[in-house]
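[1] no sequence for this one, just the structure:
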């Protein structure tokens, strides 16, 4: 494995420090990206993590396998991550500069392996261990402890083991239990049908007529891929979607431009206008049959760079709602009929945690009551946390890391939650906001914007950067933190867990995004061109905001 090229320094509490009897033991369920950062966060606060992973390796859904596995998330062979490397990195472990801005799933997996190896996390993971039940221990009311029941994965006859832990972090994500809606006549359809969870590659679709149901990221990625070899792809959608490119102006990653403190200081109507115009600039959504009635920020964005090219050459046709299936085809609500050989449902997932006592964690149509999307509010002791379940418009890795840092502080006694009444009020406020901001669907029950949510968690951890104070001490760094991308390293500048390498990561963020694409030497007259373009674009947008305000209100 290639060595990571950086100058990271470990914290005073090294991961090499041996656990002792006085440490609180924390059970961590899952060794994907959320589980790995949960282990490290526990070690940073001198807690003893014990991670249970049902597979034989780390990485969760990013640990690609050709074999179908209904018990874990999965990716397809061609999958490329939708968030740029600087925005998806853990706050104290930047991605290597020679990695592409948007990494293939094999490169994402390699990054997680490097993270686990560098911080020596593997010794704390019990592989091939399935968690069957989590319930309150008999002494919970006094101690807040939990019983965790496990057995060997793949062996239902293996002996069950029961251990008691001081706390539990559930890090299993939400891509394990596929959701397939009911359709009239589908039971009579004679062709093969799968959920996108089980899609691996286009081999089975050569020369076939394929119906794909859905308009999320997986749906459009799969449609774009298999349409190169199929006879025809029909994309059935209910309400349309705004298709957003990974890249913004001048080839700068869109998430690096959008997820900045400056952008979220602007009025929401301007953000919606900006996203819509950027989407429409590439192609007219009305002419391509994709334009929805909702605004761009009322639904989770669909990110893709190829769909419009597949539509314009006719290999993908956008269709409306399905009325019913026939044995050999599908009838749409607009009266159209198409013969179909295969069906792929890209219709999302159920949020289930079947191993957790339902009295502790209740789920109804993907609605789960969690304080700040982490803690069940009714528990007497806040010793159980759900990590990485929230649907933030941005990378989940830094979100899981921040949630884990918060939980570790709580377990260490360095933070506390508000009263039950205050937590319920906060949960209800979020529900009201989601109902007002987003479409009322199963997908938008745990939705939030990345920068405001990260800042909210950082307030709890005590690591939110103080830009006013920074402006006096280091004006250029403050300007980068405000106008530049809100890279996770911003949350290592001060407070508990401060890291000396954070400033350099922030300063080189935009430069590192494009460094791997400069494989042919060209003019070097402007070394910070990418950064200047990024900041220039945001300043230009601020001028537009002022102009709109003058026009509308003066």
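    Structure's in. What do you need? What you see is a predicted model; the values in this text were computed from it and never measured.
[2] going forward, measure contacts and count neighbours with C-alpha atoms only.
    OK.
[3] now do the end-to-end distance for stretch 60-71.
    End-to-end distance for stretch 60-71: 11 Å, by Cα to Cα, to the nearest Å.
[4] for stretch 326-341, same thing?
    Stretch 326-341: ends 11 Å apart by Cα to Cα.
[5] same check, this time on stretch 142-160
    End-to-end for stretch 142-160, by Cα to Cα: 26 Å.
[6] start at 26 instead
    Sounds good: first residue 26 from here, last item stretch 167-185.
[7] return the distance of that stretch from the chain's centre.
    Offset of stretch 167-185 from its chain centre (Cα atoms, centre = their mean, to the nearest Å): 28 Å.
[8] what does it contact?
    52, 79-80, 153-162, 164-165, 186-193, 405-408 (Cα atoms under 8 Å, 6 or more residues apart in numbering).
[9] stretch 303-318 too?
    With Cα under 8 Å, 6+ apart, stretch 303-318 has contacts from 264-270, 273, 333, 336-337, 343-344.
[10] hang on, the earlier thing: among the contacts of stretch 167-185, the buried ones, what's the PyMOL command?
    Buried residues within the contacts of stretch 167-185, by 16 or more other Cα atoms under 10 Å, are selected in PyMOL with:
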select buried, resi 52+79+80+153+154+155+156+157+159+160+161+162+165+189+190+191+192+193+406+407+408
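[11] list the buried residues in stretch 492-501.
    residue 492.
[12] hmm, who's touching it?
    Applying Cα under 8 Å, 6+ apart, the set of residues contacting stretch 492-501 from outside is 502, 503, 504, 506, 507.
[13] let's see it at 7 Å
    Residues outside stretch 492-501 that contact it (Cα atoms under 7 Å, 6 or more residues apart in numbering) are residue 503.
[14] how far away is the residue nearest to residue 240 when sequence neighbours are not counted from residue 104?
    Using Cα to Cα, 6 or more residues apart in numbering and skipping the chain neighbours, the partner closest in space to residue 240 is residue 262 (6.0 Å). The gap separating residue 262 from residue 104 is 22 Å, by Cα to Cα.
[15] and residue 395, how many neighbours does it have?
    A count of nearby residues for residue 395, using other Cα atoms under 10 Å, gives 21.
[16] skip the chain neighbours and tell me the closest residue to residue 296.
    Nearest non-adjacent residue to residue 296 (Cα to Cα, 6+ apart): residue 288, at 7.4 Å.
[17] show me where the stretch 76-225 of the chain has helices.
    Ranges of helices in the stretch 76-225 of the chain, per DSSP state H, counting those that start in this stretch, are 110-113, 130-143, 165-168.
[18] can you mark which positions in the last one are buried?
    It refers to helix 165-168. Buried, per 16+ other Cα under 10 Å, within helix 165-168: residue 165.
[19] figure out how far that helix is from the centre of its chain.
    34 Å.
[20] pLDDT of it, averaged?
    Averaged over helix 165-168, pLDDT sits at 94.
[21] what sits up against stretch 225-245?
    Taking Cα under 7 Å, 6+ apart as the rule, stretch 225-245 contacts 91, 101-102, 221, 251, 254-262, 266, 327-329, 332, 365-372.
[22] name the stretch among the helices of the stretch 76-225 of the chain that sits most buried.
    helix 110-113 (a mean of 26; mean count of other Cα atoms under 10 Å).
[23] could I get the average pLDDT for that one?
    The model assigns helix 110-113 a mean pLDDT of 94.
[24] got any ranges where the protein has weak pLDDT?
    26-46, 467-469, 548-579 (pLDDT under 70).
[25] redo that, cut-off 50
    Scanning the chain for pLDDT under 50 picks out the ranges 26-44, 550-551, 574-579.
[26] neighbours of residue 466, how many?
    If you count neighbours by other Cα under 10 Å, residue 466 ends up with 11.
[27] could you check how far it is from residue 354?
    27 Å.
[28] any idea how many residues pack against the residue lying closest to residue 257 once chain neighbours are set aside?
    Excluding the flanking residues, the one nearest residue 257 by Cα to Cα, 6+ apart is residue 234, at 4.9 Å. If you count neighbours by other Cα under 10 Å, residue 234 ends up with 19.
[29] how much space separates residue 234 from residue 531?
    Note on residue 234: its distance to residue 531, by Cα to Cα, is 48 Å.
[30] picking that back up, now, the contacts of stretch 303-318 that are in helices?
    333, 336, 337 (DSSP state H).
[31] now the residue nearest in space to the middle of the chain: closest residue in space that isn't a chain neighbour?
    The centroid of the chain falls nearest to residue 421 when counting by Cα atoms, centre = their mean (3.2 Å). Excluding the flanking residues, the one nearest residue 421 by Cα to Cα, 6+ apart is residue 413, at 6.4 Å.
[32] may I have the secondary structure class of that neighbour?
    Residue 413 falls in the coil class when you classify it by DSSP: H, G, I helix; E, B strand; the rest coil.
[33] you'd agree it is up against residue 195?
    No - under the criterion of Cα atoms under 7 Å, residue 413 makes no contact with residue 195, lying 8.6 Å away.
[34] more neighbours, these two?
    Per other Cα under 10 Å, whichever of residue 413 and residue 195 has more neighbours is residue 413, with 26 against 23.
[35] from residue 60, how far off is the more buried one?
    Distance from residue 413 to residue 60, by Cα to Cα: 9 Å.
[36] distance check, the closest residue to residue 382 other than its chain neighbours against residue 114.
    Nearest residue to residue 382, sequence neighbours excluded (Cα to Cα, 6+ apart): residue 160, at 5.5 Å. Distance, residue 160 to residue 114, by Cα to Cα: 33 Å.
[37] and for residue 183?
    Between residue 183 and residue 114 the computed distance is 38 Å (Cα to Cα).
[38] more neighbours: those two, which one.
    residue 114 (24 against 11).
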